[in-house]
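> predicted model and sequence below, questions to follow.
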Amino acid sequence: MDKKNPWIAAILSFLVAGAGQLYLGRYRRAAIYFLIEILSAIIYLYIDPFSGQILSFAASVYSCVDAYRMAVEMNRKVEKEAGKKVKSIERKEEVYIY
C-alpha cells in the first residue's frame, strides 16, 4: 500500500463526493457517496432545488473530511508497517553477523 496525499483526497471529495475515497481505493465508500450525489441530483431536479443543493453540499463536506482522515490513517499504517519491516531486516542482519 502506498502513501496517499490527504489534501488531494480532500479536494477530490469536495469537488465530487466520493472521488477522494476512490483515489484512496475505498470503493464501497466511494459508491455510497456517489449514490448520495445522485440522490441529491434527483431531489434537486424533481422535488426541491434548495434541498438537493443542501444535501449535495453536506455530502461533499462530509466526504471531504472523511477522505482526509482516512488518508492520514492509511499513511500512519503504511509508516508503521514500513518501520516493522526495517526492524525485522535489522534483526536478521544481527542474526547473520553472529
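Okay, I see it.

> okay but Ser56 is in contact with Ala17, surely?
Yes - checked against Cβ atoms under 8 Å, the pair Ser56 and Ala17 is within contact range at 7.4 Å. Bear in mind the C-beta positions are built from the backbone N, C-alpha and C, glycine included.

> which one's more surrounded, those two?
Ala17 (29 against 20; other Cβ atoms under 10 Å).

> which element is the more buried one on?
Under the assignment given by DSSP states H and E, Ala17 is not contained in any helix or strand.

> same question, Asn75
Following DSSP H and E, one finds Asn75 within helix 49-97.

> over to Ala10?
Assigned by DSSP H and E, Ala10 falls in helix 6-15.

> now the angle from that helix to helix 49-97?
With axes from the mean of the first three to the mean of the last three Cα atoms, to 10 degrees defining the directions, helix 6-15 sits at 160 degrees from helix 49-97.

> which helices and strands does helix 6-15 pack with?
Packing partners of helix 6-15 (3 or more Cβ pairs under 8 Å, 6 or more residues apart in numbering; DSSP states H and E): helix 19-23, helix 49-97.

> tally of neighbours for Ser51?
Neighbours of Ser51 (other Cβ under 10 Å): 12.

> also Ala82?
Counted by other Cβ under 10 Å, the residues lying close to Ala82 total 12.

> if we can go back for a sec, of the helices and strands packed on helix 6-15, which is nearest Ile42?
Each of these was scored for nearness to Ile42 using Cβ to Cβ, and the closest is helix 49-97 (7.6 Å).
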